[in-house]
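Colleague: Sequence and predicted model, in that order:
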Amino acid sequence: MRNYSDAPKKGPIPVDFQRRLIHGYCAWISFADAQIGRLLDHLDRLEETNNTIVCLWGDHGHLGDHDMFRKHTNYEQATRSPLILSVPGICPEGTFTNALTDFVDIYPTLCNLPGIALRPELKGTSQYPHRRNKKNVMGYAYRDQRYRYVEWEQKKFREGETTSPVVLQELYGYEEDPIERRNPASDPAYADQLERMVDLACAARTETQDSEAQAMIMITALEKEVIADSDCRKKCQRWIITK
């Protein structure tokens, strides 16, 4: 945020400046929402709504919450991103799932849904059809349905200067603290939950076999919806992808 020409280079960000940023962001969201509405209305007029795949996704980061902007933390508010997919005849309206994915999987999935062959050099993996509602993990923080666990790494560990890579642990319970204001990782009352999440993180390190993750595990939880079946190839001949 300091890169903005009128933002102070040092010190606290003035409240009025923060308000202008949030106002501008909300205006952008309203404009984007209106354009998406125009697109969907046009599909209705063309009578192509039931023959069109629509995918909408967005970026992530802070917008003043926790007194922060941009993206450089592992809070749920900073790492979760919107992902909405409409596949006529396949995704029931209003369906929601906590299954996880990476945005690199979107393009292969959109190719796979109408039956377009995937090129072998693609890094992403199609979520159609064999991963329906499976929970996959990758990214920068680990969470289950109730808790989010984060480890921060001692950078010098990779240089061989210390034997303890973890310099900070974070734990957030979404039933009692949905906006992540209190970190009870050092609270004895949460010792069992912390130990359980650490064990899950260690298991994830082993599963991913990621050399970076041998020092720390941070797995991003992204809300997503991708539900499909073989009938989609017959029904979806035209797609509209919106950013």
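Modeller: It's in. Residues are numbered from 1 along each chain as shown.
Colleague: Longest helix in the protein, please.
Modeller: Ranked by residue count, the top helix of the chain under DSSP state H comes out as helix 15-45.
Colleague: which of the residues in that one are buried?
Modeller: The neighbour-count criterion (16 or more other CB atoms under 10 Å) identifies 18, 21, 36, 43 as the buried residues of helix 15-45. For every residue, glycine as well, the C-beta is placed using N, CA and C.
Colleague: In the protein, mark out all the strands, start to finish.
Modeller: All strands of the chain, identified by DSSP state E, fall at 52-57, 62-63, 69-70, 83-86, 142-143, 147-153, 166-173, 238-242.
Colleague: Which strands or helices does the second one pack on?
Modeller: Using 3 or more CB pairs under 8 Å, 6 or more residues apart in numbering; DSSP states H and E as the contact criterion, the neighbours of strand 62-63 among helices and strands are helix 15-45, strand 69-70.
Colleague: which secondary structure elements does the longest one contact?
Modeller: Other helices and strands packing on helix 15-45, by 3+ CB pairs under 8 Å, 6+ apart, are strand 52-57, strand 62-63, strand 238-242.
Colleague: before we move on, the earlier item: out of the strands of the chain, which is closest to Gln193?
Modeller: Closest to Gln193 of those is strand 147-153 (CB to CB; 5.9 Å).
Colleague: can you dump the C-alpha coordinates of the closest one into CSV?
Modeller: Below are the C-alpha coordinates for strand 147-153, written out as CSV (Å, rounded to 0.1, in the frame of the first residue of the first chain):
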residue,chain,number,x,y,z
TYR,A,147,-9.6,-24.6,14.0
ARG,A,148,-6.9,-22.9,11.9
TYR,A,149,-3.3,-23.5,12.8
VAL,A,150,-0.3,-21.5,11.5
GLU,A,151,3.4,-21.9,11.9
TRP,A,152,6.0,-19.2,11.3
GLU,A,153,9.5,-20.3,10.3
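Colleague: tell me the angle that strand makes with strand 166-173.
Modeller: 170 degrees (axes from the mean of the first three to the mean of the last three CA atoms, to 10 degrees).
Colleague: per the record, what domains does the chain have?
Modeller: 47-137+222-242, 142-214 (automatic domain parsing).
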